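Trainee: missing the sequence, but the structure's below:
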C-alpha cells in the first residue's frame, strides 16, 4: 500500500523519475473529473498487443488520453480496460475503431519512457464486453458487461488440458534460452482456462488471431484453437532447430577440416614434403601450355589455373578445379598427322574382315576417295541398320583399321539422361564430361572412328532432359565443330570424327536425328554367304576360343550347311557361331579325354552333339490342304515366312480373324474376302469365314499379306491347294491390283531359307531385285504380279 500511496502522490504532483533531481512537471489538469460509474471502465486502446486474463504484460502508451487514464487509475486505484484497435495506424480513436471484447487489468508499475511515453506493467484480470461508450471524460470510458469464465470440467476438457500441457512443455524444450523453471511453472497450473490464456499470450501469431482467442468464451473451442496454433508453432520450431543443428554441425566439420589441413601443411613443411604439391602445380602449368588448346580455351584454362594456385589445397574447390584442368590437358586438342590414304589397301582390309556387303564397302571407299582429294572436308554420319548378328559393330572396327584411325564405341541403349551425352556441370560433386568427350579422350585422337551402338534404343526424354536432342548437335556436321560439353564449358571440335551409328530398326529413332544420318541397310546373308563367312572367320575364331589348333578338328561343308538350315534360322550369323562353338567344344572334350589326334565332324554327327533339328521345312506339310497360303513378312530381325490359314463353317456370313492381327492386317483380310466373293461367285450368307495366322502370341501387322490372304480364301472356296513351293507378298486393292511393298531383300532371303522355289512379288517391286544377292536370284524363280488373278494362275492354276 505504501507503493500505491507514493505513486499516487507522484501523479498528483506531476512528478516522474526525474523528481529526485529537483525537477517538477506542471500539475495534472484532469483531476477535477466526475467519478466513473461502477459498471464502467476507463479504456486504453492498444495498437499491437492483446492482454489476456491472468497474464502480466508490459504495455507502452503515448496518447495524452491514455496517459491521463493511467494517471487517474493510479490516483483512484482503479482498474483499466485494455481493448485492441481494429486499425493500428489510427491515432484519433473512436468507438468504431475498437473491438468490443477486452481485458480489465491492474496497473502494477508506471514508469516514464522516451518522448513522453509511459511504460505500464499490467496484470490482466477479467474479460469484458463493451456495452456503450460514455462521454464527459478526457479519456475513453465505456459501460461494460463482465464475461464469466467457464467453470467446471469434463473428460473432453481434461484431455485437451493434458495435451496442451504436453505441447507447451515441448515448445519450452525447443526454445533456445528458456529458463528451467518455466516448464515446472506450466505443469503447476491447474486451471485449463488460465493455461489456455497464458499459452495464447505467448504464441507468435497475428493480433487478430489473438483477439479471436480472447473473444472465444467456450473453453472447448478455445482449447482447440490454442492447440492448433501451438502445434503449428511447435512444428516450425522443431524444423528450425533441426536446420540450426545441421548448419552448426556442418560448420564444425568445416572448421575441423580447416584445422587438420593446416596441421598437415605444417607437418609437411617440417618433413620437407611441401615442395611436392608445388611441383605438381608446376607440371600442371606446363601441361596446359603444351596441350595445344585454341586461344580462347587456353585463356580460360590459364585463368582457372591462377585460381587454383591462389586457393591452395585446403580449399574444398581445389580438387574439383584440379580434376577439370587435368581433363583439359589430357584431351587431344592438337591436329595429329593422318597417314596417307591408300584406296587399294583399304579395299583389301575390308575384304579380309567381311564377306559380301558390297554396297557398304563401296560407300566407305567413296568416303576415303573424297577425303583423299579434300582432306579438310567434313566426315559423314553413317547409320548401319539391320538385324542382330549381321556385322554392324565389327564393320565399324574394320573401317577404323582400313582408314588407319583409332576406334572407340559406347552403347546408347537405355540412355535417359542428357548429361550422359553433354556431361554434368562442374557445380555437382563427382561431375564428369559426357560419353562423347570420354570416348575422344580414350581414343587419344579427335579424328578417330566413334561408334554409337544401339541408337534406336535411346531412353525417352524426361525431367533429366532428352538424350536424342543432345545427340543432334553431336551428329550435325554443321554444328559439331563447336560442340560444347557442360563439364568442359568450352568448345571442342568433333567435325573430323567419323561417327557410325548402329540400329536394328529405324522406327524408334526420332525424325530429326534420323535426318542427320546416312542410313545404310544390312538386311542379312544368304545360305551361301553364311557358309563362306563360317569358313573364313567363324570356324577359325572358335578354334582359337576353344583351345584347338589347325588340323586337330575339321568340320565339313555339309555339317556347316546343316547347322545353317536345321539349327539356326536367322538373318545374321550370331547363332551360327554359337552352334559352331558347341560343336567344337565337343571335339575339344574328345581330344582332351582320349588324346585323339584329329576329330572330324560331318552332318550326321550333329544329332549326337546338338540334339534333334530345331527347324525343318513345314511348307509342304502346311500347304498340302486347301485354304493355306505362304506369305512373306518383314521383322526387325530379318525376313520370315508367314502361314495364312482359312476355313469356313456354317453361319451367317461373318468374317472371323484370329492370330493377334493389327488393324492394317484386319483391313487386308476384309479386302481379300470382298475380292474373293467377286471371283468365286458363291453365296456367302450361309457360311462364316475364319482366317487365322499361327504364332498367335506374336503381334502382326502390315498390308503386305493381302495377296496371301486372297489366295488362301480362293484355295478354300475352290478346294484346290496352293503350291507348297510358292510364297508371296503384296498389298491388294478392291480393284484387284497388287500394290508395292518394302523389305524385298529380307523377304526373298527368308523364302530361300525356308526352301521356297518361287516368289511372287508386285510388278512395281521388280526394280528392288537389284539389292538381292546374285546366288539368291539364281536359285529362285520370280513372278511379278499386276493383278490378283496373276497370283491365282501361278499358285493354284
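Mentor: Nice, thanks for sending it over. These numbers were taken from a predicted model, which means no experiment stands behind them.
Trainee: pull out the buried positions in the helix or strand in which residue 586 is found.
Mentor: Taking DSSP states H and E as the definition, residue 586 sits inside helix 574-594. Neighbour-count burial for helix 574-594, counted by 16 or more other CB atoms under 10 Å, picks out 575-577, 579-581, 583-588, 591. To be clear about C-beta, it is placed using only N, CA and C from the backbone, and glycine gets the same treatment.
Trainee: how about stretch 41-51?
Mentor: 41, 42, 43, 44, 45, 46, 47, 49, 50, 51.
Trainee: contact partners for residue 563?
Mentor: 534, 576, 579, 580, 583, 606 (CB atoms under 8 Å, 6 or more residues apart in numbering).
Trainee: residue 561 now?
Mentor: Contacts of residue 561 by CB under 8 Å, 6+ apart are 527, 531, 603.
Trainee: now do the buried residues in whichever strand or helix holds it.
Mentor: For residue 561, the host element (DSSP H and E) is helix 557-562. Of the residues in helix 557-562, 559, 560, 561, 562 count as buried by neighbour count, 16+ other CB under 10 Å.
Trainee: closest to residue 422 out of those?
Mentor: residue 560 (47.3 Å; CB to CB).
Trainee: before we move on, back to that, reformat the buried residues of helix 557-562 as CSV; add distance to residue 70 and pLDDT.
Mentor: Compiled in CSV, the buried residues of helix 557-562 are given as follows (distance: CB to CB, whole Å; pLDDT from 0 to 100):
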residue, distance to residue 70, pLDDT
559, 117, 90
560, 115, 90
561, 117, 87
562, 116, 88
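Trainee: quick one: residue 301 and residue 288 touch, right?
Mentor: Yes - contact status for residue 301 versus residue 288: in contact at 5.2 Å, counting by CB atoms under 8 Å.
Trainee: mind listing the shared neighbours of these two?
Mentor: Joint contacts of residue 301 and residue 288 (CB under 8 Å, 6+ apart) are 325, 328.
Trainee: please identify which of these two sits among more neighbours.
Mentor: Each of residue 301 and residue 288 has its neighbours counted (other CB atoms under 10 Å); residue 301 has more, 22 against 18.
Trainee: before we move on, the earlier item: need the buried residues of stretch 41-51 in JSON lines (columns: pLDDT).
Mentor: Output for the buried residues of stretch 41-51, formatted as JSON lines (pLDDT from 0 to 100):
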{"residue": "41", "pLDDT": "91"}
{"residue": "42", "pLDDT": "91"}
{"residue": "43", "pLDDT": "92"}
{"residue": "44", "pLDDT": "92"}
{"residue": "45", "pLDDT": "93"}
{"residue": "46", "pLDDT": "92"}
{"residue": "47", "pLDDT": "89"}
{"residue": "49", "pLDDT": "90"}
{"residue": "50", "pLDDT": "92"}
{"residue": "51", "pLDDT": "92"}
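Trainee: and the furthest pair within those?
Mentor: Within these, 41 and 47 form the most distant pair, 18.9 Å apart (CB to CB).
Trainee: how far away is residue 513 from residue 501?
Mentor: According to CB to CB, to the nearest Å, residue 513 stands 9 Å off from residue 501.
Trainee: which one's more surrounded, the two?
Mentor: residue 501 (28 against 22).
Trainee: list the neighbouring strands of the lengthiest strand in the chain plus their orientation.
Mentor: Taking DSSP state E as the criterion, the chain has its longest strand at strand 118-134. Sheet pairing here is set by DSSP bridges, and for strand 118-134 it gives strand 56-61 (antiparallel), strand 101-112 (antiparallel), strand 140-146 (antiparallel).
Trainee: out of the ones you listed, nearest to residue 672?
Mentor: Between residue 672 and these, the tightest spacing by CB to CB is seen for strand 101-112, at 89.2 Å.
Trainee: show me what contacts residue 205?
Mentor: 229, 233.
Trainee: A helix includes it, no?
Mentor: No - counting by DSSP: H, G, I helix; E, B strand; the rest coil, residue 205 is not found in a helix; it is coil.
Trainee: now it: how far from residue 236?
Mentor: 11 Å.
Trainee: isn't residue 744 up against residue 765?
Mentor: Yes - using CB under 8 Å, residue 744 is in contact with residue 765, at 5.4 Å.
Trainee: show me which of these two is the more surrounded one.
Mentor: Using other CB under 10 Å as the criterion, residue 744 and residue 765 rank with residue 744 on top: 25 against 21.
Trainee: one step back: common neighbours of residue 513 and residue 501, please.
Mentor: Common neighbours of residue 513 and residue 501 (CB under 8 Å, 6+ apart) are 455, 475.
Trainee: counting contacts, what elements does the helix or strand containing residue 345 pack onto?
Mentor: In the assignment (DSSP H and E), residue 345 maps to helix 343-353. When contacts are defined as 3 or more CB pairs under 8 Å, 6 or more residues apart in numbering; DSSP states H and E, helix 343-353 packs onto helix 358-373, helix 392-403.
Trainee: point out the most buried one among those.
Mentor: Compared across the helices and strands packed on helix 343-353, helix 392-403 shows the largest average neighbour count, a mean of 21 (mean count of other CB atoms under 10 Å).
Trainee: report the angle between the helix or strand just after that one and helix 392-403.
Mentor: Counting by DSSP H and E, the next helix or strand C-terminal to helix 392-403 is strand 407-411. For strand 407-411 against helix 392-403, the angle by axes from the mean of the first three to the mean of the last three CA atoms, to 10 degrees is 160 degrees.
Trainee: pLDDT of strand 407-411, averaged?
Mentor: Averaging pLDDT along strand 407-411 yields 89.
Trainee: chain center to the following helix or strand past that strand: distance?
Mentor: Using DSSP H and E, the helix or strand that follows strand 407-411 in sequence is helix 419-422. When distances are taken as CA atoms, centre = their mean, to the nearest Å, helix 419-422 is centred 13 Å away from the chain's centroid.
Trainee: report the rounded mean pLDDT for helix 419-422.
Mentor: 85.
Trainee: show me what that helix is packed against.
Mentor: helix 435-443, helix 467-474.
Trainee: run through who's touching the first one.
Mentor: Meaning helix 435-443. 327, 330-332, 406-410, 420-421, 423, 432-433, 446, 448, 450, 474, 483, 485, 487-488, 492, 494, 497.
Trainee: can you check stretch 148-160 too?
Mentor: 53, 126, 127, 192, 193, 217, 218, 219, 220, 223, 224, 227.
Trainee: do stretch 600-611 as well
Mentor: 553-556, 558-559, 561-563, 566-567, 579, 582-583, 586-587, 613.
Trainee: please redo it, this time with the cut-off set to 7 Å
Mentor: 553-556, 558-559, 562-563, 567, 579, 582-583, 586-587 (CB atoms under 7 Å, 6 or more residues apart in numbering).
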